[in-house]
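*Asks:* How does the following fold in three dimensions:
(3 chains)
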Amino acid sequence: MAFKEYRLGSAMVGGALGLSMIITIFMPSFDLRSAVSTKMALEKQLSAGFDVGFGYADPLLLGINRPLTVVLDADPKTGAKFDPPVTAYIYKPGVPMPPNVRHPHDLGKGVEDLSEGLGQIGSVSGSNHSVGQREGVVFTIGLGEFDGEEVSYIENATATRGWTPDATLAAAGDKNTFKISQGKTEFVVQGCWWCHTLLPEQTQDWQVFGAPPYLGDFNGENPTAFGSDRKAPDLLHVGSRNSSREWMLLHFFNPRLVQVNSIMPRFDYLWGEKDAQGNVIDYDKWRAEYLEYANGKRVYPPEVPDYAPDSEIRALIDWVLSLK
Amino acid sequence: MAWKMDNPLYSLSDEQEQQDILKKWGEERMGGLIHPANNRLPFPLTFLIALIILTAFLITMPIWGQRPTAELYKVHVELMNTPEVERLTTPEEKMKYLDAEAMKRSASHPDSRNKGQLERHPIFWDDLLNLAPQIIELQKQTKYPLDNFTVVGDKIVLANFEGNIRADGVRERLQPWWDRGYTIDVFYVSYYCLWMVIMIKRLPHFSKKPQIPAY
Amino acid sequence: MLLKYLTGKNEDIPAGSSAIFFGFSSIFWFVVGTGLGSFNAAKLAFPDFVTGTELFAFGHMRQVHVLAVIVGWISMAFAMTMMYMTPALGNTKLWSEKLGLWTGMMWNIGLSTALFSLWIGITSGREYSDFAWPLDLVILLGVITPLCVNVIMTIAHRRTQGIYITNWFFGSCTFMVGIVLLVGNSPEYFHLTGLSEAYLTWWNAHNLLGLWITPVAAAIAYYTIPKLTGNPLYSHRIGHMHFWSIIVFYSTPASHHIMSSPIPEWLKSFASVEGVLILIPAVAFVANILLTMKGKWTLFVENIETKFSMTGVLLAVPLNMQGGFQQTRSINWYIHGTGWIVAHAHLALLGMSTFLEIAAVYFGLQQMLKRKVYSLALANIHYWFVLIGFCIYWISMTIAGLIQGAGKIYEVPYIDVVIAEHPYMIARWVGGTMVFTGNLVWLFNMWMTARVGTLVPEGRYAHELAYDR
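*Replies:* Here you go, the predicted structure:
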């Protein structure tokens, strides 16, 4: 090859890279964008909100400006009883709208139509998303019919039923409020996903960990945080396998309390300084007593303190239990 | 940049250009290094590369590592409520009988791929109980045949493949022999090989060595 | 002195300053990265080791280890080799030593900031692009772009007609890695969600390895081996073959990292064929280097740089055999997400590419400092500690991965898998700690080289002189 042909060579490098990007990015983007949101996807994105990783609204990932998930026994406006209970997603003023309310097209065919029609999300979606962020919205998930098939869609309950964020939150009460968005942030920040995957595999994996996800199960999720290096059970459906809050409490405080051979780190630091009663948690004492227990000098391990309502562990457990 | 096409397997450059290149290669010292030698591609290497390309397509053929289709367990579902099976007490025995029957039936169809698939995708009694109603339900519809459905987890879903379009306008959900990914691969590899041949044959023929001047 | 150079005129800065700066920075980050690795491995083996504090929890440390090693050690060692090889191969000087020093400065500051923010938990939650996007931009614009400009301008200002193969790789890879970072981080810049986000995360991760780490490491060997042995590179043709197949095949199989996710099946088919075709650049590279060694194999034993280089080249063989086949549908279902993959990743980064870079950093630092390496004995200790430590790590994690794979397929309760893995987790910690110890020895050895190593006479190469100690 003569030296003057370096120019051609450079062009060929660019051409080859461009071709590979057309095949690996441009072409699949059509398939990926045409995915239709499933109910699971809607639940995940409404409970998680716009960002659970780094973002404008919460740059330090402290769990501020996050939607809250509540379970309602009764209509907060009319007081009519619900059976079964209804799950609502409260976006207080200042909380960014969820990704697919900003970009309804990504909801997929049918879901987009119903959300904009029956769901009336138009007043807070697309270019109006800043209105929703300024005034606050309550969303629910509705069930409608499109082309003869049942389709779940996003409903703007503030528009359709007149629910305001404050009234809904008050009607639900703290007991029925779940900080799922902050919980997923804890999952990412505390590095749970370095060991626990969120992707039961499509082959032989599902017998234990539950159904692998489908094409539309991820719409609006960011980050998906599948995880790549599984050193612990998959968590995508963990809430169906184990829904005991008490077990979670013990297991997060010190996994060796419930599973002697576990290699999971202790997450006792997520309890913060005070327990549910407002007493200061004496970690040194607890650890010393636990050590005695582990060495066989005590019959029972020390009591695990109950968490405070604003502790990080509450959010994390809320999120884990929401994974059905 | 003169091209010479009369003996393309020898070299695509004319004699004068080959000499010029060899002279430059011989004279130039890049960072004190002698220019890379003008050796040919060793035959074992060429063979290995051909083998790799062949292997790449063979090992990723649709028949390997596919997930089970609903078709695979049709016989199981058909026979699971017969008296023969109900007589057997443990799930293991039941499955043993059903597997044997399914194997026997697929063996009677010489072109069936089910035998190998059944070996790769064994199923347990509990799972079968879960899947059976879904398979029965699917047999009632006529839009897609059973092998268009994949068993994923404890659910049966329409496979993700985009196959041939049938006479009635419905797209088959079977991986076709021309799977889009493979087809792109064939073109992609062909372009690479073509580019490589042109590239290498534009170089001076390997029998000629760079002319290193005596110092 | 550094400050003086950073503010001084380009002409006043001695040639090789930026290479030396990058060289020592990379060794420093290597010590930090492997130290963190050893610490993390200890936590996996003994979960109550340093417990109860947020910042020293495994989940806060793991990604810091990964990115310290990739961005700190491997990429800075690449930059170091570019700073001295690119001008040497063009018979010229580096286009701008000052820009080189500034790049190194920005790199150290940017990386420290990014790692610190990651450590305290500010993350995008995307593997291998964990940094928050403003920091990704800092790395792209403040580090990769100036490096690319410097390398390409040096090549453009060469005083030779030809461009040596190493420089083909350096020029194109510094350019392509910028594109990869730009496109691969687009989910963060443009807030893409769902499967597009997942897919682009792995597109980014795959191409960082495929268009940056693997080819640049190989390019380094194309310089060091002919230089150390005195043989010309075996074949210009095989070099072409290697270069083009890297660009064509290595840039495509991104989706084979998420074979078990519901991305389109055709994309998986495409990627798994391309994934096997990665063996083409691999065999071309290994064949070319092994044939270049003809008649000089004694250097494998006698010369420390050749020893490191050839070990790296030989480790490329199992690396690519694993890499080519483990991603096919027929094998991936068994080993996906297990320790096997961890072992494979360390084979690529700690095995193949690290050994090639260590050789190049040894060679380059001696050349730029004009001093012979301080102690052969320490260098040999370094070699054996890193090699044995790596092998312990690799073998133990491969076994652990096969156990996990079997556990996954045969529905073994997960805790039994954890129990079965425990001995291998301890072995992994032992291996990682050996690597870390070896690197401490190396840092000491290079520091002593800079201070009291025997001066190399003008016009000679360090590797031509006899060892002193």
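
*Asks:* Which stretches in chain A count as helices?
*Replies:* For chain A, helices defined by DSSP state H occupy the ranges A:6-21, A:27-33, A:39-48, A:99-102, A:111-116, A:129-135, A:157-160, A:165-172, A:180-189, A:206-209, A:238-241, A:245-253, A:283-294, A:312-321.

*Asks:* Tally up the residues packed near residue 118, please.
*Replies:* You didn't pick a chain, so chain A it is. Look at A:Leu118: counted by other Cβ atoms under 10 Å in any protein chain shown, it has 18 neighbours. Where you see a C-beta, it was placed from the backbone N, CA and C, and this is true even at glycine.

*Asks:* Let me rephrase: I mean chain B.
*Replies:* For B:Leu118, the neighbour count with other Cβ under 10 Å is 20.

*Asks:* now do the one 10 residues further on
*Replies:* The number of residues packed near B:Leu128 is 18, by other Cβ under 10 Å.

*Asks:* now A:Tyr290
*Replies:* A:Tyr290 - counted by other Cβ under 10 Å - has 21 other residues nearby.

*Asks:* Quick check: the gap between it and A:Glu312.
*Replies:* 21 Å (Cβ to Cβ, to the nearest Å).

*Asks:* can you check A:Leu236 too?
*Replies:* As defined by Cβ to Cβ, A:Leu236 lies at a distance of 22 Å from A:Glu312.

*Asks:* ditto for B:Gln175
*Replies:* Plainly put, B:Gln175 is 46 Å away from A:Glu312 if you go by Cβ to Cβ.

*Asks:* list the helices and strands the lowest-mean-pLDDT helix or strand in chain B packs on?
*Replies:* Least confident helix or strand, chain B: helix B:114-120 with a mean of 75, by mean pLDDT, DSSP states H and E. Packed against helix B:114-120 by the contact rule (3 or more Cβ pairs under 8 Å, 6 or more residues apart in numbering or on different chains; DSSP states H and E) you find helix B:91-107.

*Asks:* roughly how far out does the helix it packs on sit from the chain middle?
*Replies:* Remark: helix B:91-107 is offset 30 Å from the chain centroid, using Cα atoms, centre = their mean, to the nearest Å.

*Asks:* likewise stretch C:146-156?
*Replies:* Averaging C-alpha positions (Cα atoms, centre = their mean) puts stretch C:146-156 20 Å from its chain's average.

*Asks:* Stretch C:49-68 too?
*Replies:* For stretch C:49-68, the distance to the chain centre is 22 Å (Cα atoms, centre = their mean).

*Asks:* Quick one: residues contacting the residue nearest to C:Phe249 when sequence neighbours are not counted.
*Replies:* Spatially, and ignoring its direct neighbours in sequence, C:Phe249 is nearest to C:Leu277 (4.4 Å; Cβ to Cβ, 6 or more residues apart in numbering or on different chains). By Cβ atoms under 8 Å, 6 or more residues apart in numbering or on different chains, C:Leu277 lies in contact with B:Ile52, B:Ile53, B:Ala56, B:Val189, C:Ser245, C:Phe249.

*Asks:* does the fifth one sit in a helix or strand, and which one?
*Replies:* In other words, C:Ser245. Element membership of C:Ser245 [criterion: DSSP states H and E] is helix C:236-249.

*Asks:* quick one on the thing from earlier: what sits up against the least confident helix or strand of chain B?
*Replies:* With Cβ under 8 Å, 6+ apart, helix B:114-120 has contacts from B:Ile63, B:Gln66, B:Pro68, B:Thr69, B:Glu71, B:Leu72, B:Asp99, B:Ala102, B:Met103, B:Ser106, B:Ala107.

*Asks:* What parts of chain B come near chain A?
*Replies:* Taking Cβ under 8 Å from any Cβ of the partner chain as the measure of proximity, chain B contacts chain A at B:1, B:13, B:17, B:20-21, B:24, B:67, B:127, B:152-155, B:157, B:160, B:184, B:188, B:195, B:199, B:202-203.

*Asks:* Go again with 6 Å.
*Replies:* B:Val152, B:Gly153, B:Lys155, B:Ile184, B:Arg202, B:Leu203 (Cβ under 6 Å from any Cβ of the partner chain).

*Asks:* what helix or strand is B:Thr150 on?
*Replies:* strand B:149-152.

*Asks:* Can you report how many residues neighbour residue 102?
*Replies:* Since you didn't name a chain, this refers to chain A. Around A:Arg102 sit 22 other residues, with neighbours defined as other Cβ under 10 Å.

*Asks:* switch to chain B, that's the one I care about
*Replies:* Counted with other Cβ under 10 Å, B:Ala102 comes out at 21.

*Asks:* Just give the closest residue to it, not the sequence neighbours.
*Replies:* In space, B:Ala102 comes closest to B:Val75 once its chain neighbours are excluded; the distance is 4.1 Å by Cβ to Cβ, 6+ apart.

*Asks:* so the one you found touches B:Ala100, yeah?
*Replies:* No - if you go by Cβ atoms under 6 Å, B:Val75 and B:Ala100 don't touch, sitting 10.3 Å apart.

*Asks:* Could you check which of the two has the larger neighbour count?
*Replies:* Ranked by neighbour count (other Cβ under 10 Å), B:Val75 and B:Ala100 place B:Val75 first, with 19 against 10.

*Asks:* Can you name the residues of chain B that neighbour chain C?
*Replies:* Taking Cβ under 6 Å from any Cβ as the contact definition, chain B meets chain C at B:24, B:28, B:30-31, B:33-34, B:36-37, B:39, B:41, B:45, B:48-49, B:52, B:56, B:59-60, B:64-65, B:160-161, B:179-182, B:184-185, B:192, B:199-200.

*Asks:* does the closest residue to C:Leu376 other than its chain neighbours count as helix, strand or coil?
*Replies:* Closest residue to C:Leu376 apart from its sequence neighbours, by Cβ to Cβ, 6+ apart: C:Tyr467 at 3.9 Å. Secondary structure for C:Tyr467, judged by DSSP: H, G, I helix; E, B strand; the rest coil, is coil.

*Asks:* Selecting buried members of the contacts of helix B:114-120 in PyMOL, what would you type?
*Replies:* Selecting only the buried entries of the contacts of helix B:114-120 in PyMOL, with 16 or more other Cβ atoms under 10 Å in any protein chain shown as the criterion:
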select buried, chain B and resi 66+68+69+71+72+99+102+106
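
*Asks:* Switch the contacts of helix B:114-120 over to a markdown table; also include pLDDT and distance to C:Gly178.
*Replies:* Converted to a markdown table, the contacts of helix B:114-120 look like this (pLDDT from 0 to 100; distance: Cβ to Cβ, whole Å):
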| residue | pLDDT | distance to C:Gly178 |
| --- | --- | --- |
| B:Ile63 | 58 | 41 |
| B:Gln66 | 65 | 39 |
| B:Pro68 | 80 | 44 |
| B:Thr69 | 83 | 45 |
| B:Glu71 | 85 | 49 |
| B:Leu72 | 85 | 48 |
| B:Asp99 | 87 | 56 |
| B:Ala102 | 85 | 55 |
| B:Met103 | 84 | 56 |
| B:Ser106 | 77 | 54 |
| B:Ala107 | 74 | 58 |
